[in-house]
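**Student:** no sequence for this one, just the structure:
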Ligand SMILES: NC(=O)c1ccc[n+]([C@@H]2O[C@H](COP(=O)([O-])OP(=O)(O)OC[C@H]3O[C@@H](n4cnc5c(N)ncnc54)[C@H](O)[C@@H]3O)[C@@H](O)[C@H]2O)c1
């Protein structure tokens, strides 16, 4: 039986749809499924089995089936999931049916790399504003956008309907920038600065820290080394199983 539906899809025009409250880990995996599904669609696949999708997304298939069941998507026995329909469902749940405007604050080394990246548009986002506190950076054009002074944030937020703020300033400035974003009504912040931000309830902050990812990999390296140092050592496959990869 095929069961595809948009969870909480509006029943009447103008009604605000209620979305299911998904587990955070499921939300974090949905973009992985989406990326894999887009690749499958580009390669001409109309349907995909849960095993095929789990391999393409790099996620265990039981976990994948459970995640998708939260969306009311169970696939069709013997056929699998309809690729286009599942893309629509995931994009709907992630709120990607509208391209959200992003303001990037801090246009230094990292900010330049982010501002120069063309890949966000295809994933549902538009970098709509670049802001920096350094007057020598103001006026520079990157990828068709001119860097504006951070003091212009209130005007920019309204003009561009900014939905998400990205902080790429030094850690010492990040809290102040977060406060400025919150003050203009931004309720979603992606923070690249290595610090904890304090924000009012209702504001979501996600943190990206490559150093933390490297430290986690360092732990696994350390552990693999300690296992191979055991008497007789461990074969590579056993080591991988031991660390759960
Ligand atoms: N998350 C990661 O994986 C990762 C990787 C690299 C860097 N970082 C972090 O990203 C941040 C930026 O790094 P970078 O190498 O681009 O630094 P950078 O010094 O090259 O750039 C920082 C920019 O922020 C601007 N700035 C400072 N205070 C500001 C304020 N109050 N408002 C607006 N702009 C302001 C500066 O003028 C500068 O242009 C740092 O916090 C760094 O630790 C994170």
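**Tutor:** Here it is on my side, so go on. Please read all numbers here as calculations on a predicted model, not as lab measurements.
**Student:** use CA for all of it now, contacts and neighbours both
**Tutor:** Fine.
**Student:** got the residues of this protein near the ligand?
**Tutor:** 105-111, 132-134, 150, 168-171, 173, 177, 192-194, 208-211 (C-alpha under 6 Å from any ligand atom).
**Student:** endpoints of stretch 129-146, how far apart?
**Tutor:** 8 Å (C-alpha to C-alpha, to the nearest Å).
**Student:** just the buried residues of it, please?
**Tutor:** Judged by neighbour count (16 or more other C-alpha atoms under 10 Å), stretch 129-146 contains these buried residues: 129-133, 137-138, 146.
**Student:** kindly report the same for stretch 198-214.
**Tutor:** Those would be 205, 207, for stretch 198-214 by 16+ other C-alpha under 10 Å.
**Student:** so for it, mean pLDDT?
**Tutor:** The average pLDDT within stretch 198-214 is 95.
**Student:** and the residues of the chain next to the ligand, which of them are in helices?
**Tutor:** 109-111, 171, 173, 177, 210-211 (DSSP state H).
**Student:** which pair in those spans the largest distance?
**Tutor:** For those, the maximum inter-member distance is 21.8 Å, found between 177 and 211 (C-alpha to C-alpha).
**Student:** now the strands for the chain?
**Tutor:** 47-48, 81-82, 100-105, 125-132, 141-142, 145-149, 162-167, 188-191, 204-207 (DSSP state E).
**Student:** touching, residue 100 and residue 125? I think so.
**Tutor:** Yes: in this structure, residue 100 is within contact of residue 125 by C-alpha atoms under 8 Å, at 5.0 Å.
**Student:** could you chop the protein up by domain?
**Tutor:** Partitioning the chain according to automatic domain parsing yields domains covering residues 24-93, 100-208, 211-242.
**Student:** dump the buried residues of stretch 129-146 into TSV; add pLDDT and distance to residue 88 as well.
**Tutor:** Below are the buried residues of stretch 129-146 laid out as TSV (pLDDT from 0 to 100; distance: C-alpha to C-alpha, whole Å):
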residue	pLDDT	distance to residue 88
129	97	28
130	98	30
131	98	33
132	98	36
133	98	40
137	97	40
138	98	39
146	97	34
